[in-house]
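*Asks:* Fold the following and give me the result.
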Amino acid sequence: MKYWFSFFWALLPLLAGAQLCEGIPGAAAFTESFGQGSNFGPPLPAGVTTYSYNNTSPAGGTYMVTNRTQLNGASWHPGLDNTPDDGFGYMLLFDATDAPGEFFNLVLDGLCPGTRYEFSAYLANVVTPSACGGQSILPNVRFELRDPSTDALLSSIQTGPIPTGAFLRWEQYGMAFTLPPDQDAVRLLLINTAAGGCGNDVAIDDISLSICNPVRSQTATRCGSGPVVIDGREYAAPGLYRDTLPGAQFCNDSILLTEILDGAGEEVAIDTFICEGSTFSVGGKAYAEPGFYVDTLLSSLGCDSIVRAQLSPASLTAWLTASQDTVYAGEAVRLAGSAEGDGPLIWSWQPEGSVDCPDCPETDARPVQTTNYELTVRDSITGCQVRLQQLIEVVPCQAVYIPTAFSPNGDGRNDTFQLFYGPCVAQVLQLQVYHRWGGLVFQSQSGEEAWDGRSAGQDCEAGLYICQAVLLLKSGAQQIWRGEVQLLR
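*Replies:* I've put the predicted structure just below:
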């Protein structure tokens, strides 16, 4: 019976790409690696295969039990069996017949009704890519499971063409199937679907049959030093445990995965400050007064943890003043903070980028619109912090001041006309003066230059003159200003 199973499993790998067991396969009901020794191994029992045993040289329609694959010159790969660390391990090597057809027929009995099994084995195409002029026939095997009594098909799978490669490459193949509830045997058929000729030669090794165990998992926490007991099983230490719950003769086995978590209760010590007017939370409790508190908390793993909290009193007092609370756009205002605390203080001004020094206790601001400044003071030792606010209102700016009249008579009083502008003006970009008929009599690119009542070197007539200036405000905007001045003689 050993070789019957062996040959059967050896051919199973041809079921490439089949659906295998989900989860972890159970205990192996059968394994076969064909033993080891010097070439060649003994033949399979009579009746298992229609192929002839061969221990000389390759020939179509024969099989070998061998510990190496290079038995056909350059046409077959050099290589060893798939089983690791087994010395001169054997494998099965098949040289196909010329015609496709069934080449294996075996009844497997003593199985468990209604149970799901997994068949698997390793398979390799022994033919080199250059053999047969590069046109070797690729092995292609169909695997069938049938009811021994009715010949009804229970399951089947096709390997598809198994390609050649640069070296001997073993691949695992297999499939899972479920026996009907009233059946404990199956007939296994292996059918060669590729024509014989040059190529179509395969090696098979490491065959196994396992029950597809249902896998169940559970998790528990070990809170103390004693073991965790679940359904009569003791787990003495944290870790991952795998238990096989066997049925009779491998029937209906199941795998139980148990993870034991280390949830031993912790003792946590907290030594911190409680700020005046605030609370400190431990678990679901909030403490508003300094003192020593002990709490028992339930951890995320379900075990008790002891928290000992020493809360020391801390205070922080802070003030904020402004040099003025109403300014013109762009006018500077001094903001000054002061505070008393237990440790070095950390200063922070908002809005971001609105002051000259964002981390200084005192700083200058130049708002272009009404702004609410916020100063946050934090004690670096206690962690206490205070937030203070100061609203600075930006009012409309009186942009330009001018005299109503001037008299350029050389007496040293009001001899020239000049613009005077308010703090919201950054620069006078242009000043122009026109007589009453619209002619330009004076022009300057600076508000600092005065008009002396002359145009083109000649004294202008007394009368009313129109003034126009282009102003650059500190807010970044430009403004056109117009006014009048009386020239007296």
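
*Asks:* Is residue 62 bridged to anything, and to what?
*Replies:* Residue 62 has these beta-bridge partners by DSSP bridges: residue 52, residue 95.

*Asks:* domains of the chain?
*Replies:* 2-211, 215-262, 267-314, 317-395, 400-487 (automatic domain parsing).

*Asks:* most packed of these?
*Replies:* Among the domains of the chain, the stretch with the highest mean neighbour count (mean count of other C-beta atoms under 10 Å) is domain 2-211, at a mean of 18. Bear in mind the C-beta positions are built from the backbone N, C-alpha and C, glycine included.

*Asks:* Residue 355 contacts residue 374, doesn't it?
*Replies:* No. At 10.6 Å, residue 355 and residue 374 do not qualify as touching, with contact defined as C-beta atoms under 8 Å.

*Asks:* any idea how far residue 293 is from residue 121?
*Replies:* From residue 121 across to residue 293, the span is 67 Å (C-beta to C-beta, to the nearest Å).

*Asks:* try residue 322
*Replies:* Counting by C-beta to C-beta, the gap from residue 322 to residue 293 is 42 Å.

*Asks:* What of residue 402?
*Replies:* Per C-beta to C-beta, residue 402 is found 73 Å from residue 293.

*Asks:* With residue 139 instead?
*Replies:* Counting by C-beta to C-beta - residue 139 and residue 293 are separated by 77 Å.

*Asks:* Residue 197 now?
*Replies:* Residue 197 is 88 Å from residue 293, by C-beta to C-beta.

*Asks:* repeat for residue 106
*Replies:* Computed with C-beta to C-beta, the distance linking residue 106 and residue 293 is 76 Å.

*Asks:* Tell me the secondary structure of residue 74, please.
*Replies:* When classified by DSSP: H, G, I helix; E, B strand; the rest coil, residue 74 comes out as helix.

*Asks:* cool, and residue 430?
*Replies:* Residue 430 falls in the strand class when you classify it by three-state DSSP.

*Asks:* same check, this time on the one 3 residues further on
*Replies:* Following three-state DSSP, residue 433 is assigned to strand.

*Asks:* Who are the contact partners of it?
*Replies:* Residue 433 is in contact with 417, 440, 441, 442, 443, 451, 465, 466, 467, 485, counting by C-beta atoms under 8 Å, 6 or more residues apart in numbering.

*Asks:* element containing the last one?
*Replies:* In the assignment (DSSP states H and E), residue 485 maps to strand 478-487.

*Asks:* Which strands or helices does that strand pack on?
*Replies:* Applying 3 or more C-beta pairs under 8 Å, 6 or more residues apart in numbering; DSSP states H and E, we find strand 478-487 packed against strand 405-406, strand 463-473.

*Asks:* ok, 6 Å please
*Replies:* Secondary-structure packing of strand 478-487 (3 or more C-beta pairs under 6 Å, 6 or more residues apart in numbering; DSSP states H and E): strand 463-473.

*Asks:* Other residues contacting the strand it packs on?
*Replies:* With contact meaning C-beta atoms under 6 Å, 6 or more residues apart in numbering, strand 463-473 is reached by 399, 424-435, 478-479, 481-487.

*Asks:* then that strand to PDB, C-alphas only?
*Replies:* Extracted in PDB, the C-alpha atoms of strand 463-473 (Å, rounded to 0.1, in the frame of the first residue of the first chain):
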ATOM      1  CA  GLY A 463      -5.000 132.900  -7.300                       C
ATOM      2  CA  LEU A 464      -6.400 129.500  -6.600                       C
ATOM      3  CA  TYR A 465      -4.300 126.400  -7.600                       C
ATOM      4  CA  ILE A 466      -5.400 122.700  -7.800                       C
ATOM      5  CA  CYS A 467      -3.100 120.100  -6.100                       C
ATOM      6  CA  GLN A 468      -3.000 116.300  -6.700                       C
ATOM      7  CA  ALA A 469      -0.800 113.700  -5.100                       C
ATOM      8  CA  VAL A 470      -0.300 109.900  -5.500                       C
ATOM      9  CA  LEU A 471       0.200 108.400  -2.000                       C
ATOM     10  CA  LEU A 472       1.600 104.900  -1.000                       C
ATOM     11  CA  LEU A 473       0.000 103.900   2.200                       C
END
